[in-house]
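A.B. asks: Build me a model:
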Amino acid sequence: MTERFKAQTIYLLPVLASLLFSLSCAALFLTRPVPPITVTPFPEETPAGLFGNAAYFVVLVAISATIFYVLLKRRNLKLITFIIALALTAAALLLSVIYLSLLFALVPSLEFLVLPLSIAIAVIFDLAVFRLGDKARNIAVICLGGALGAFFGNYVPFLSATLILLFLAVYDIFAVYYGPVGKIAHLGLEKLHGLSYSFKDMQMGLGDLVFYSMLSASMLFNFGLLSSISSLAGILAGAYLTLVMLEKKGMFPGLPFPILFGLIGGLLASLLL
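C.D. replies: Numbering: from 1, shown residues only. Got it, this is the predicted structure:
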């Protein structure tokens, strides 16, 4: 962040783009039944399972952030790049296979194209992140955030998803002011190519886009389009309030306000159905 940063609605454009891309991906899940994929380790039939799933995601995020902070502090940029490239390539390939399978299921004669096109998309994604410059990287990160969010929104049960998002919002406050996320920001978030995007003089992490999109998609799958749109509006309102706080403080966690407003907007709209 620079000292001249001013909160403006134009900074919401990447968030909106990621959310809309997420909803387009989520729409593919609605075209046909999909085989279940286990994303959370515990059944959510009990409170212990719900809290266990939320804790699981927070621990994964905390460990990942800590590892990247340590590697950044030691200036081990080659290892950082290798880890990020491996994780993002796997994510891009998996998501491409899933979404292209859903898309080409509408035209069964073309299903043989799923694997070669998925590999091609993964290669193009890697080039965009690591070779083609900032604009291509930003587009790739925005699309990946939306696609991952729709994936989690579909495969994580709603109660677990809600608790995960709330836990992550609370953790984000700690991580920014006292934990690894704030320290990474001081060392240079832009060094983590593929895990953040830059827009004008603002940097935002991929995780923010993923969890915003996860919330909006989860509302779509569980309560319908009206709740999803209301949640999207709440996320944007919360993101703008975050920008206002960012202008005042210079650094501010990206999850609490958008997640809170998005949940409230989506759930209130669900009561109208």
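
A.B. asks: For the rest of this, base every contact and every neighbour count on C-alpha atoms.
C.D. replies: Will do.

A.B. asks: Can you list the residue ranges for strands in the stretch 151-273 of the chain?
C.D. replies: For the stretch 151-273 of the chain, the strands defined by DSSP state E, counting those that start in this stretch occupy 196-199, 202-205.

A.B. asks: The last one packs against which elements?
C.D. replies: The helices and strands touching strand 202-205, judged by 3 or more Cα pairs under 8 Å, 6 or more residues apart in numbering; DSSP states H and E, are strand 196-199.

A.B. asks: circling back: the strands of the stretch 151-273 of the chain: which one's closest to Pro43?
C.D. replies: strand 202-205 (29.3 Å; Cα to Cα).

A.B. asks: Assign a three-state SS to Lys6, would you?
C.D. replies: The three-state assignment at Lys6 reads coil, by DSSP: H, G, I helix; E, B strand; the rest coil.

A.B. asks: what about the closest residue to Ile37 other than its chain neighbours, how many residues close to it?
C.D. replies: Leaving out its chain neighbours, the residue that sits closest to Ile37 by Cα to Cα, 6 or more residues apart in numbering is Tyr155, at 6.4 Å. For Tyr155, the neighbour count with other Cα atoms under 10 Å is 19.

A.B. asks: Could you double-check that Tyr155 lies in contact with Pro41?
C.D. replies: No. Between Tyr155 and Pro41 there is no contact under Cα atoms under 8 Å: 12.0 Å.

A.B. asks: And the residue nearest the centre of this structure?
C.D. replies: Nearest to the geometric centre of the chain sits Val210, at 0.8 Å (Cα atoms, centre = their mean).

A.B. asks: which residues does that residue contact?
C.D. replies: Going by Cα atoms under 8 Å, 6 or more residues apart in numbering, Val210 touches 144-149.

A.B. asks: Next: Leu93.
C.D. replies: For Leu93, the contacting residues are 118-119, 121-122, by Cα under 8 Å, 6+ apart.

A.B. asks: go again using 10 Å as the cut-off
C.D. replies: Residues near Leu93 by Cα atoms under 10 Å, 6 or more residues apart in numbering: 115, 117-123, 125.

A.B. asks: Ok, Leu16 next?
C.D. replies: Here Leu16 is in contact with 22, 142, 146, 209, 212-213, 232-233, 235-236 (Cα under 10 Å, 6+ apart).

A.B. asks: Quick check: next helix or strand after the strand or helix carrying it?
C.D. replies: In this structure, Leu16 sits in helix 13-29 according to DSSP states H and E. Toward the C-terminus, helix 13-29 is succeeded by helix 47-73 as the next helix or strand (DSSP H and E).

A.B. asks: Any buried residues in that next one, and which?
C.D. replies: 49-58, 62, 65-66, 68-69, 72 (16 or more other Cα atoms under 10 Å).

A.B. asks: Show me the shaky parts of the protein.
C.D. replies: By pLDDT under 70, the low-scoring segments of the chain are 1-4, 189-190, 273.

A.B. asks: Most remote residue from the middle of it, which is it?
C.D. replies: For the chain, the residue at maximal distance from the C-alpha centroid (Cα atoms, centre = their mean) is Ser109, at 32.8 Å.

A.B. asks: centre of the chain versus stretch 56-75, how much separation?
C.D. replies: Distance of stretch 56-75 from the chain centroid (Cα atoms, centre = their mean, to the nearest Å) equals 17 Å.

A.B. asks: hang on, I meant stretch 21-38
C.D. replies: Distance of stretch 21-38 from the chain centroid (Cα atoms, centre = their mean) equals 16 Å.
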